[in-house]
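Student: What shape does this take:
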Amino acid sequence: MPALTHAESEFIDSYLEVVDQPARINPARGAHTYGALRAAQALVAGAAALRDALTVMHQRGESELHAATLARALRVLGGERRASRISVPPEDAS
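Tutor: Next comes the predicted model:
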């Protein structure tokens, strides 16, 4: 895991939380409306946390995102796998 500031860690954690929620809402992957509803509600809270983390970074003078470092952190935390759950699954070959 690359070294991140506390604000960058909060940003990555909040980003992944936001990414996880559309995956739970995804109608091509879900089965129950209640779970999708809960995920939609959590998406709002996650977006607020993401906004707050970026606000802290901006207020501290962190004006640039270090994409390579943040991408490495996302890979370590399974970001690619988690983001792939947002897409529509391939059609069944049967």
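Student: what's the residue closest to the geometric middle of the chain?
Tutor: Central residue of the chain (CA atoms, centre = their mean): residue 16, 2.4 Å from the mean position.
Student: Would you check that that residue makes contact with residue 80?
Tutor: No. When contacts are counted by CB atoms under 8 Å, residue 16 is not listed as touching residue 80 (11.1 Å). Yep, even glycine has a C-beta here, placed from its N, CA and C like the rest.
Student: Give the intersection of the neighbour lists for those two.
Tutor: Listed as contacting both residue 16 and residue 80 by CB atoms under 8 Å, 6 or more residues apart in numbering are residue 74.
Student: So which residues of this structure form helices?
Tutor: Counting by DSSP state H, the chain has these helices, from start to end: 6-25, 33-59, 67-76, 79-84.
Student: so can I have JSON lines of these showing distance to residue 92 and mean pLDDT?
Tutor: Below are those laid out as JSON lines (distance: least, CB to CB, whole Å; pLDDT from 0 to 100):
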{"stretch": "helix 6-25", "distance to residue 92": "20", "mean pLDDT": "92"}
{"stretch": "helix 33-59", "distance to residue 92": "22", "mean pLDDT": "94"}
{"stretch": "helix 67-76", "distance to residue 92": "30", "mean pLDDT": "94"}
{"stretch": "helix 79-84", "distance to residue 92": "18", "mean pLDDT": "92"}
